[in-house]
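In: With the input below, show me the fold.
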Amino acid sequence: MRGSAASCDCPTTRFRWTGPAPFTLKHVAMRLVALLLSILLIVPAVAAEASILDILQGVAKETAKPKAKPAPRRVPATRRPIVLPPIEGTKVKGRPLVVIDPGHGGHDPGAPSADGKRREKEAALAIGRAIRDELVRSGRVRVALTRDSDTFLVLGDRREIARRLGADLFISIHADSAPSATAHGATIYTLSDVSSDRVAAQLAAKENRADILNGVDLGGENDDVSSILVDLAQRETMNISSVFANLLQRELSPLINFRSTFHKFAGFVVLKAPDVPSLLLETGYMSNAEDEALLFSKDYQKKIATGIRRAVEVHFARRLAGA
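Out: The predicted model follows:
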């Protein structure tokens, strides 16, 4: 009996497959290779496309951000030419010249009074004018004021005025202030490389900041002193200043009150003229009610002027005798 080929189990009969070709190991390997190749080709393209998209989005974000304003460029303060004040007093040739420097002025008010109604610059100018008038009346010296109105002068210009005029003595007039309302009395300061105490150092730092306006250094001080001759001249000038400070306290003490330590040393910029003996007189405390009343009184201003006139006369008499 004849049977179909599919059901034939005769060992001599061959099995015939009429469907699709079977998957051999070779076919599988080729398919895997094709798949891997397609992945390798597609992924970099997608990644590149994504990276380009990220870059474009980043540029768009940066463009959309508001641009930060550039930092303001600091412009050096324009220095006005120094205007020399008039010299008053005797016309006798060869008489010494004293320059009186009323501290602060203009936008720099100095120390305020305890109630805030008065300012140091006003007291300093009034006292400076009283000293000038007293010295002019003596007829023994010539006198100049660094400022005779409510004007601002940088510290270096104050001492430079004295130098250009050929001053023989420079006296800067100020009024002090302190956290304690009990602090009172006058103090004399002369220049030193080392401050005599912490309070003197703090006061010098405060006064030296008068040249700083809205962060701009109007003074432009240069601390580089390279000349040995200038250094030696300044040390001699500092010695003369110190001697005059003691003389001034002797002549003023019968007339006004001094602090227990009346003579102190600090690095005041205004006192750094290498060839002009200089001192700074703190005439009292704006922060003390009694001292403030004295500073604005004509009688107290007259006493200060009288004491300074006496000290100036003795000082130059000694210098003349020593010459």
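
In: Helices of the stretch 51-200 of the chain, residue ranges please.
Out: Per DSSP state H, counting those that start in this stretch, the stretch 51-200 of the chain carries helices over the ranges 120-138, 155-165, 198-208.

In: out of those, nearest to L84?
Out: For the helices of the stretch 51-200 of the chain, the distance to L84 is smallest for helix 155-165, at 6.0 Å, taking C-beta to C-beta. Heads up, the C-betas are built off the backbone N, CA and C, glycines and all.

In: buried stuff in that closest one?
Out: L155, G156, D157, R158, R159, E160, I161, A162, L165 (16 or more other C-beta atoms under 10 Å).

In: hang on, isn't the last one packed against I87?
Out: Yes - using C-beta atoms under 8 Å, L165 is in contact with I87, at 6.7 Å.

In: Quickly list what's touching both of these two.
Out: Residues touching both L165 and I87 (C-beta atoms under 8 Å, 6 or more residues apart in numbering): L97, A144.

In: In TSV, list the buried residues of helix 155-165 along with distance to P277.
Out: Formatted as TSV, these follow (distance: C-beta to C-beta, whole Å):
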residue	distance to P277
L155	17
G156	18
D157	19
R158	15
R159	12
E160	16
I161	15
A162	10
L165	14
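
In: which one of those residues is nearest G94?
Out: Checking those one by one against G94 (C-beta to C-beta), the nearest turns out to be L165, at 14.6 Å.

In: so what's that closest one up against?
Out: L84, P85, I87, L97, V99, A144.

In: Can you turn the buried part of those into a PyMOL selection?
Out: Only the buried entries of the contacts of L165 go into this PyMOL selection, using 16+ other C-beta under 10 Å:
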select buried, resi 85+87+97+99+144
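
In: if you look at the contacts of L165, which of them are in strands?
Out: L97, V99, A144 (DSSP state E).

In: Please report how far R163 lies from S278.
Out: Taking C-beta to C-beta, to the nearest Å as the measure, R163 and S278 are separated by 10 Å.

In: ugh, typo on my part, it should be A123
Out: 20 Å.

In: what do you get for A175?
Out: In terms of C-beta to C-beta, A175 sits 18 Å off from S278.

In: neighbour count winner among those two?
Out: Ranked by neighbour count (other C-beta atoms under 10 Å), A175 and S278 place A175 first, with 31 against 27.
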